[in-house]
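Trainee: structure for this input, please:
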Amino acid sequence: MHRLVIEVDGQLYQLLENAAQLHHVTLEAECRRRLATLECQSRYVQALLAEMRADEEPWRAEGERVS
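Mentor: As a prediction, this is how the structure comes out:
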């Protein structure tokens, strides 16, 4: 699995946390949601998101089999 580290200031972090709680998702899911809105604007972001989704697939499949 790849690891992505993003440095944000305290105010932005708090905004992201609040938005995640509002949408009933994890902080990671909120960041992905926001990145997805940029997807059409950047080929780099498109590639990054595709890679992250591919990395996540085995976890999803495992979770579906267990449930």
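Trainee: so, low pLDDT: which residues of this structure?
Mentor: Low-confidence segments of the chain (pLDDT under 70): 1, 38-42, 59-67.
Trainee: centroid-nearest residue for it?
Mentor: Closest to where the C-alpha atoms of the chain average out (Cα atoms, centre = their mean) is residue 32, at 2.6 Å.
Trainee: and that residue, what element?
Mentor: helix 27-37 (DSSP states H and E).
Trainee: report the contact partners of the residue nearest to the centre of the chain.
Mentor: With contact taken as Cβ atoms under 8 Å, 6 or more residues apart in numbering, residue 32 is in contact with 49, 52. Backbone N, C-alpha and C define where each C-beta goes, glycine included.
Trainee: where do the helices sit along the chain?
Mentor: Counting by DSSP state H, the chain has helices at residues 10-22, 27-37, 43-66.
Trainee: so which of the ones you listed is nearest residue 4?
Mentor: Residue 4 sits nearest to helix 43-66 of all the helices of the chain, at 7.6 Å, using Cβ to Cβ.
Trainee: over to residue 9: give its phi and psi.
Mentor: Main-chain torsions, residue 9, degrees, to the nearest 10: phi -80, psi 170.
Trainee: and for it, the neighbour number?
Mentor: By other Cβ atoms under 10 Å, 8 other residues sit near residue 9.
Trainee: give the contact list for residue 18.
Mentor: With Cβ under 8 Å, 6+ apart, residue 18 has no contacts at all.
Trainee: separation between it and residue 11?
Mentor: In this view, residue 18 and residue 11 are 11 Å apart by Cβ to Cβ, to the nearest Å.
Trainee: and what of residue 3?
Mentor: Distance of residue 3 to residue 11, given as Cβ to Cβ: 24 Å.
Trainee: out of these two, which sits in the more crowded spot?
Mentor: residue 11 (8 against 4).
Trainee: okay, the more buried one and residue 21: tell me how far apart.
Mentor: Remark: distance between residue 11 and residue 21 (Cβ to Cβ) = 16 Å.
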